[in-house]
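# sequence-free structure coming up:
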Ligand SMILES: NC(=O)c1ccc[n+]([C@@H]2O[C@H](COP(=O)([O-])OP(=O)(O)OC[C@H]3O[C@@H](n4cnc5c(N)ncnc54)[C@H](OP(=O)(O)O)[C@@H]3O)[C@@H](O)[C@H]2O)c1
């Protein structure tokens, strides 16, 4: 399938257009010949967006009365906006779930031209995987964090509209690549010679390089493929954290020592950052919700259903994706 042919000359809206995934998607939509509308906030940092090529709309999805401006003109919607860190459960739900009702209600009323809506959810909506077993689309959802619960609520709302709107839900695992700031912290520590091992060794995860995720989203929005379903998309492998750390160290040519942190130490650290966050408008850098994520032995999913349905093949195995990512961090002087 030519992933881009249906996009040439089309009009697309990307919510969260300035974010990590949204900004890469915008670049690719522009390269595919799309007219791109980007939904951002008044306060959004636009450094990854070419504002001269994107029609920007300032909308805060946390406001109950928000209005999406250009719906009548749109062929495609990519709902990438989401809150990955918040101070409270209600903070997560407001943006990741409640906002979806208003968004899709407006699409239903005014989006007569829409051929496809890609709703970006997360593996967190399903929850962790028992070690040795991958979760797939038949696995009952048991999210373990407020973030995961809110993402599940968001995708349930999206799928409620799938009778009248062409919605496809994509659930990525950890996404890495240029411009990303969380996985970067892990790489930065390795550059300083330290590989972090929290709790026992051998914890596993699925990953996907951002260019592959963007490509997957573009293939998933093909008008002939709209079925109101949810899919996991990963690089097709399960990785051990130690293996990922060693690969990063090899690429950067650094000698790495393993810093073993007992899980019990996470609670005081999380509480410390939560107390600090009480004096700030921003959520804590690390909190007890993040701690729940880290404690799980495996966050791994099978992308088999997506690969088959969309004839998709990731182009970035771990070494290639990490090399591109680290090269970019070095060029930008982040490393
Ligand atoms: N990165 C990953 O590893 C990963 C994995 C699985 C799923 N996801 C999902 O992918 C999506 C994008 O994630 P990301 O990594 O690109 O995160 P990101 O860089 O933090 O981008 C999030 C985007 O959402 C926007 N946003 C947040 N609250 C908003 C609000 N109230 N109104 C309007 N826009 C709002 C942000 O705008 P501001 O810049 O103004 O904050 C930003 O543009 C999210 O839905 C996330 O749940 C990400």
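Now that the structure is in, tell me what you want to look at. All of these numbers come straight from a predicted model, not from anything done at the bench.

# CA only for contacts and neighbour counts going forward, please
OK.

# check contacts around residue 148.
Neighbour list for residue 148: 122-127 [criterion: CA atoms under 8 Å, 6 or more residues apart in numbering].

# try residue 159
Shown here is residue 159, whose contacts under the criterion CA under 8 Å, 6+ apart are 167-169, 228-229.

# give me the neighbour count for the closest residue to residue 87 other than its chain neighbours.
Nearest in space to residue 87, with sequence neighbours left out and distances taken as CA to CA, 6 or more residues apart in numbering, is residue 283 at 4.9 Å. Residue 283 is flanked by 17 other residues according to other CA atoms under 10 Å.

# near the ligand too, which of the contacts of residue 148?
Restricting the contacts of residue 148 to those near the ligand by CA under 6 Å from any ligand atom leaves residue 122.

# let's have the contacts of residue 148 in TSV, adding neighbour count and pLDDT.
Below are the contacts of residue 148 laid out as TSV (neighbours: other CA atoms under 10 Å; pLDDT from 0 to 100):
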residue	neighbour count	pLDDT
122	22	98
123	28	98
124	25	98
125	24	98
126	24	98
127	25	98
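
# out of the contacts of residue 148, who's nearest residue 317?
Closest to residue 317 out of these is residue 123 (19.3 Å), distances taken as CA to CA.

# for the helix or strand containing residue 12, packing partners?
Under the criterion of DSSP states H and E, residue 12 resides in strand 11-15. Strand 11-15 makes packing contacts with helix 20-31, strand 35-40, strand 76-79 when contacts are defined by 3 or more CA pairs under 8 Å, 6 or more residues apart in numbering; DSSP states H and E.

# quick check: buried residues in the first one?
Of the residues in helix 20-31, 20-30 count as buried by neighbour count, 16 or more other CA atoms under 10 Å.

# near the ligand, from the residues you listed?
Contacts with the ligand are made by 20-22 out of the buried residues of helix 20-31, judged by CA under 6 Å from any ligand atom.

# can you list the residues you listed in a markdown table and add distance to residue 101?
What follows is these, written out as a markdown table (distance: CA to CA, whole Å):
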| residue | distance to residue 101 |
| --- | --- |
| 20 | 24 |
| 21 | 22 |
| 22 | 20 |
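
# tell me the one of these nearest residue 263?
Looking at those and their distance to residue 263, the nearest is residue 20, at 29.2 Å (CA to CA).

# quick one, what contacts the closest one?
Taking CA under 8 Å, 6+ apart as the test, what residue 20 contacts is 179-180.

# neighbours of residue 247, how many?
The criterion is other CA under 10 Å. On that basis, residue 247 has 16 neighbouring residues.

# list the buried ones in the helix or strand hosting it?
Element membership for residue 247, per DSSP H and E: helix 241-252. Neighbour-count burial for helix 241-252 flags 241-242, 244-249, 252 (criterion: 16+ other CA under 10 Å).

# nice, that's everything, thank you.
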